[in-house]
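>>> the sequence and its predicted three-dimensional model are supplied below.
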Amino acid sequence: MAGFRRCMMISGGSCLLFLLAGFVTFWHVGARLGDGRETPVGAWHNVFTAVKYLRYRHIAPWIPSPLRHTPRRGLVSELEAARAAGYATAAARVNAQLAQEAFERAWRTMQAWSAARDPASGLLPRRLETPQPFWNGKDTAADLLPFLLTAGLYLDDSAAPVWLTVMAQDRHLSGPLPRRILFRPTRFDDESPAEIVFGASEYAKDGLLALAERFGRGPWFDRLEEIMTTLVGGATVDTPYGRICASDTEVNGEMLQVLCRLYWATGHAPYLAMAERIGDAYFLEILPHHHELPAHDWDFATDTAANPKFRLRDHGSEIVPGLTELYVLEKLQGRPRAAQYRPALQRMLDRLLHIGRSADGLWVNAVDPADGRILSGGVIDTWGYIANAYQAFDLVEGTTRYRKEIERAMRAAAARRSFPWEGRHMDGHADSLESMIYLLPWFDLPECRHWVDDEMEVLFARQQPDGLVEADYLDGNFIRTTLLYALYKTAGVRFDPWRADLQLGAEWRPDTGTLHVHLASAKPWSGVIRFDIPRHREYWNLPLDYPRLNSSPEWFTVEREAAYILQMPGEPPMRLMGAALAAGVPVRLVGGGAVVQWTVRRQR
């Protein structure tokens, strides 16, 4: 027995030494993966993160490691340290560097596409390298052209007319609704009426609406009205409430978003009439008869689902913010349908909090409304499109009913670093970042701000040296999200004209009501610095700003009739009207990296 006890003591001691050695090795490996200063818990987290990354790296090998050590991460850390210390001037300087990179990357992608037009038709191909190049409404017109034009209007005055010419060529060749046009020789491809309606609704909602949100009236607004007037006048789907354009959630959701905003802007009664016909069909028929949720496709003749599933990712979930935007309109205008619509809308929103979500709060691809069963797992990259609806509802109701659930979804997204949102494609990253940026003006969560700053580097990793990203129509979404981020870093303040060596960053201090602005250039520059305006009100006549798809958030806006104090260190303060700030403050930069610092606050 004594020998046995001695053996056990030796074995136990060996096991203890073995475990201790393993623990030290594990800590060392985890620390090497980080910055070398990790606690044991931090080291474990690093190893766990690395293992997760290796599990899906084969799906999207272009995605960089979540444990990468890069100069850009150093900048993001510097930004967070400046904010923690309350150094708004230092934060604005770092924001200027981050914005400069983003603007330059968007410009390079636009430049890469500038030589891609088909010489015969003057249109852009859906993809650069393909046996049969073609233009279409749902992809090239909707996702590529509008953001090439956006980049031109923001960054390159000489490029904007090129993209406006492409828009005009589509109208010339297609007619009132965009068509699929084959190249070499130029000719229409075969499309069903439903395909044409779908392409038109995509172009309207994802493309032309995005331009109108950023720039107000212009050729894009005229084209938007033409398309919607044509769709409204040509509706063919019979319902108990009148004819609508489609029976599926995607087209009806897109129509609602566009119709509501156009009605706010123009007061044109047919827009509201069509929106209310769609609203009646869903709030009064589909939702009550389909377990409080939309069906992917509905048969109005039999009052049953033609396709009962509900797709929660894009190409299905558009109906959720669409119905919510209609309710916002009805509620704010004091219309009687608001009381009719509210119960069904709230039941839909409440049910979507309890089914079709991951354990940490993100929505999945598709569910069966009958029993809540998940039909297609995997979290969606367009989670913010749904979350927007919850915040819009809260804002118009004057409540915070859904605040915790929105924040839960935001934090769940922020917990996913270097995550393959849409497999090998970049678009999943672009859409997930877009989702977060829409919500940040209302939910200023530090971990979510950090995630946006950090994950933009992942999106940028997909860009090629020549400026192209994936060399197809989704390069437009890269430009879209990159510009959303750049304007977030400048608080909507812009150089005019822009140049790649310019640096402009801003940091808002809500405690003092002050915007800190950093300006610098490598070479001498003169021009104006333009401040943003409350576009929701000036462009759309909206009495309330709310997060909405294809908008560009308003970070710091000036009221035209209000007075503002602009101060530079060592200089007397200048009193400027908001109209002057919006038109542009003349500035001359001497170059050489010399810095100009401003503080701007509203005069009380």
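Good, I have the coordinates.

>>> and stretch 400-414, how far out from the chain's middle?
16 Å (CA atoms, centre = their mean, to the nearest Å).

>>> buried sites along that stretch?
For stretch 400-414, burial by neighbour count (16 or more other CB atoms under 10 Å) applies to 402, 405-414. C-beta here means a position set from N, CA and C on the backbone, and glycine is covered the same way.

>>> one more: stretch 508-515?
Neighbour-count burial for stretch 508-515, counted by 16+ other CB under 10 Å, picks out 508, 514-515.

>>> now do it: everything it contacts.
Here stretch 508-515 makes contact (CB atoms under 8 Å, 6 or more residues apart in numbering) with 88, 491, 493, 506-507, 516, 555-556, 598-602.

>>> and those, which is closest to Ala370?
Using CB to CB, Trp555 is the member of the contacts of stretch 508-515 that lies nearest Ala370, at 43.0 Å.

>>> one step back: the contacts of stretch 508-515 in strands, which ones?
Assignment to strands by DSSP state E places the following of the contacts of stretch 508-515 there: 506-507, 516, 598-602.

>>> just the buried ones among the residues you listed, please.
Buried among the ones in strands among the contacts of stretch 508-515 by 16+ other CB under 10 Å: 506-507, 516, 598-601.

>>> out of those residues, the closest to Trp525 would be?
Of those, the one sitting nearest to Trp525 (CB to CB) turns out to be Trp598, at 15.7 Å.

>>> partners of the nearest residue to the closest one once chain neighbours are set aside in the sheet?
Excluding its sequence neighbours, the residue lying closest to Trp598 (CB to CB, 6 or more residues apart in numbering) is Val517, at 4.1 Å. Note on Val517: beta-bridge partners Ala506, Trp598, judged by DSSP bridges.

>>> what's the burial count for Val517?
28 (other CB atoms under 10 Å).

>>> ok, now how distant is it from Tyr53?
Applying CB to CB, to the nearest Å, the value for Val517 to Tyr53 is 38 Å.

>>> go on, Leu581?
45 Å.

>>> between those two, point out the one with more neighbours.
Regarding Leu581 and Tyr53, a neighbour count based on other CB under 10 Å identifies Leu581 as having more, with 24 against 18.

>>> phi, psi of the closest residue to the more buried one other than its chain neighbours?
Nearest residue to Leu581, sequence neighbours excluded (CB to CB, 6+ apart): Phe531, at 4.1 Å. Per-residue torsions, Phe531: phi -100, psi 150 (degrees, to the nearest 10).

>>> repeat that for Asp248.
With angles defined as degrees, to the nearest 10, Asp248 sits at phi -110, psi 160.

>>> that one - nearest residue in space that isn't next to it in sequence?
Nearest non-adjacent residue to Asp248 (CB to CB, 6+ apart): Asp297, at 4.7 Å.

>>> ok, now Tyr546?
Nearest non-adjacent residue to Tyr546, counting by CB to CB, 6+ apart: Ala392, 4.2 Å away.

>>> got a list of what that neighbour touches?
321, 324-325, 328, 546-548.

>>> just the buried ones from those?
The neighbour-count test (16+ other CB under 10 Å) applied to the contacts of Ala392 identifies 321, 324-325, 328, 546-548 as buried.

>>> reformat those residues as CSV; add secondary structure and distance to Val251.
Formatted as CSV, the buried ones among the contacts of Ala392 follow (DSSP: H, G, I helix; E, B strand; the rest coil; distance: CB to CB, whole Å):
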residue, secondary structure, distance to Val251
Pro321, helix, 14
Thr324, helix, 17
Glu325, helix, 15
Val328, helix, 20
Tyr546, coil, 23
Pro547, coil, 22
Arg548, coil, 18
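
>>> returning to that earlier point: dump the buried residues of stretch 508-515 into a markdown table; add distance to Val364 as well.
As requested, the buried residues of stretch 508-515 are exported to a markdown table (distance: CB to CB, whole Å):
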| residue | distance to Val364 |
| --- | --- |
| Trp508 | 35 |
| Thr514 | 43 |
| Leu515 | 40 |
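
>>> which residue ranges form the strands in the stretch 451-600 of the chain?
According to DSSP state E, counting those that start in this stretch, the stretch 451-600 of the chain carries its strands in the segments 494-496, 503-509, 514-520, 525-530, 563-567, 574-577, 585-589, 595-602.

>>> and Tyr341, which of those is closest to it?
strand 503-509 (35.7 Å).

>>> returning to that earlier point: could the buried ones among the ones in strands among the contacts of stretch 508-515 be laid out in CSV, adding pLDDT and distance to Met255?
Shown next, in CSV, are these (pLDDT from 0 to 100; distance: CB to CB, whole Å):
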residue, pLDDT, distance to Met255
Ala506, 98, 36
Glu507, 98, 39
His516, 98, 42
Trp598, 98, 43
Thr599, 98, 45
Val600, 98, 40
Arg601, 98, 42
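
>>> looking at these, which is nearest Ala84?
Using CB to CB, these come closest to Ala84 at Glu507, 12.7 Å.

>>> wait, the closest one sits on Lys489?
No. Using CB atoms under 8 Å, Glu507 is not in contact with Lys489, being 9.2 Å away.

>>> what is in contact with these two at once?
With CB under 8 Å, 6+ apart, Glu507 and Lys489 have common neighbours Asn95.

>>> the stretch 51-200 of the chain: strands as residue ranges?
Here the stretch 51-200 of the chain has its strands, by DSSP E, counting those that start in this stretch, at 134-135, 181-182, 187-188.

>>> ok so, going back, got JSON lines for the buried ones among the ones in strands among the contacts of stretch 508-515, with distance to Asp238 too?
JSON lines is the format used below for these (distance: CB to CB, whole Å):
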{"residue": "Ala506", "distance to Asp238": "52"}
{"residue": "Glu507", "distance to Asp238": "55"}
{"residue": "His516", "distance to Asp238": "58"}
{"residue": "Trp598", "distance to Asp238": "59"}
{"residue": "Thr599", "distance to Asp238": "60"}
{"residue": "Val600", "distance to Asp238": "56"}
{"residue": "Arg601", "distance to Asp238": "57"}
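
>>> out of the residues you listed, which one sits closest to Leu79?
Minimum distance to Leu79 across these is 8.9 Å, recorded for Glu507 (CB to CB).

>>> contacting residues around the closest one?
With CB under 8 Å, 6+ apart, Glu507 has these contacts: 83, 88-89, 91-92, 95, 491, 515-516.

>>> any idea how far it is from Gln597?
Separation of Glu507 from Gln597 (CB to CB): 11 Å.

>>> list residues touching both of these two?
With CB under 8 Å, 6+ apart, Glu507 and Gln597 have common neighbours 89, 92, 516.

>>> the second one reaches His516, doesn't it?
Yes. Counting by CB under 8 Å, a contact exists between Ala92 and His516, whose distance comes to 4.4 Å.

>>> shared neighbours of these two, anything?
In contact with both Ala92 and His516: 506-507, 597, using CB under 8 Å, 6+ apart.

>>> and those as CSV, adding distance to Leu67?
Below are the shared contacts of Ala92 and His516 laid out as CSV (distance: CB to CB, whole Å):
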residue, distance to Leu67
Ala506, 31
Glu507, 28
Gln597, 35
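
>>> nearest to Leu287, of these?
Looking across the shared contacts of Ala92 and His516 and measuring by CB to CB, the closest to Leu287 is Ala506, at 43.1 Å.

>>> buried residues in stretch 311-331?
By neighbour count on 16+ other CB under 10 Å, the buried set for stretch 311-331 is 311-314, 316-331.

>>> now Pro64, what are its backbone angles?
The phi/psi pair for Pro64 (degrees, to the nearest 10) reads phi -70, psi 160.

>>> now it: closest residue in space that isn't a chain neighbour?
Ala461 (5.0 Å).

>>> hang on, the one you found packs against Pro66?
No. Ala461 lies out of contact with Pro66 (CB under 8 Å); the separation is 12.0 Å.

>>> what sits opposite the nearest residue to Arg187 once chain neighbours are set aside in the beta ladder?
Spatial nearest neighbour of Arg187, excluding adjacent residues (CB to CB, 6+ apart): Ile181 at 7.2 Å. Beta bridges link Ile181 to Trp135, Phe188, judged by DSSP bridges.
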